[in-house]
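A.B. asks: Generate coordinates for the sequence data below:
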Amino acid sequence: MKIGYARVSTVDQDPELQISALSDARCERIFTEYASGITRKRPELDRLFDILRAGDTLVVWRFDRLGRSVSHLVQIVEKLRSMKVELVSLTEGIETNTPIGEAVFTIVAAFAQMEHQLNSERTRAGIAKLRKNGNRWGASSKFHNPDNVELARALLREGTLPKTKIAQRIGVSTVTLYRWFPGGEADNFKPTPTFHRRQREKPRS
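C.D. replies: Numbering: from 1, shown residues only. So this is what the prediction gives:
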């Protein structure tokens, strides 16, 4: 059984070109998804996988309609392979059940793995450099906004709310509140650097 999968980014886009091509390829069923390329939730793709059976063929207009990225596409191909389902791309003219198609995906998988390793190496190198420069690795805090600092300081001085409520009002945890205001004291504000905040340079001697 041939099953087609079409995807467009928004409901304003017309999938007719893809659907027509999939119909010409004699797909018995066609699933149409309205989701951007980076969206993880794809209910139509999930429904499609629920009906796929060994010996079926999944047909797409182009490979980028199926995977969010090269690595994601490779994962889907491996899943289809384990299910004994073939994959055909009409635009690229590639079928995974042919020697050429198999060779192409072997190369694609190798590049995806290399890309993953390079990204991991860049991340580790970046963290090491930041730590060497005296910076912390982490996301920005609510307290990097001066307005939130002043609000927390005013509430702490007022003393009518418990620390947990003040933290909730700012949108942080109580632990974070105490990290920035040691002892929960309004006048004990202690800025905490992150990856994008460099420490002051030491004065030259």
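A.B. asks: distance between the ends of stretch 6-26?
C.D. replies: Stretch 6-26 has an end-to-end distance of 14 Å (Cα to Cα, to the nearest Å).
A.B. asks: For residue 21, give me its contacts.
C.D. replies: 61, 90 (Cβ atoms under 8 Å, 6 or more residues apart in numbering). Any C-beta I mention is one placed from the backbone N, CA and C, and that applies to glycine too.
A.B. asks: Pull out the CA atoms of the host helix or strand of it and give them to me as CSV.
C.D. replies: Element membership of residue 21 [criterion: DSSP states H and E] is helix 16-24. The C-alpha atoms that make up helix 16-24 are tabulated as CSV, following Å, rounded to 0.1, in the frame of the first residue of the first chain:
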residue,chain,number,x,y,z
GLU,A,16,-2.5,21.1,-3.6
LEU,A,17,0.8,20.8,-5.5
GLN,A,18,2.0,18.1,-3.1
ILE,A,19,-1.4,16.3,-3.0
SER,A,20,-1.6,16.3,-6.8
ALA,A,21,1.9,14.8,-7.1
LEU,A,22,1.1,12.2,-4.4
SER,A,23,-2.1,11.3,-6.2
ASP,A,24,-0.3,10.9,-9.5
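A.B. asks: just how off-centre is it within its chain?
C.D. replies: Computed by Cα atoms, centre = their mean, to the nearest Å, the chain-centroid distance of helix 16-24 equals 29 Å.
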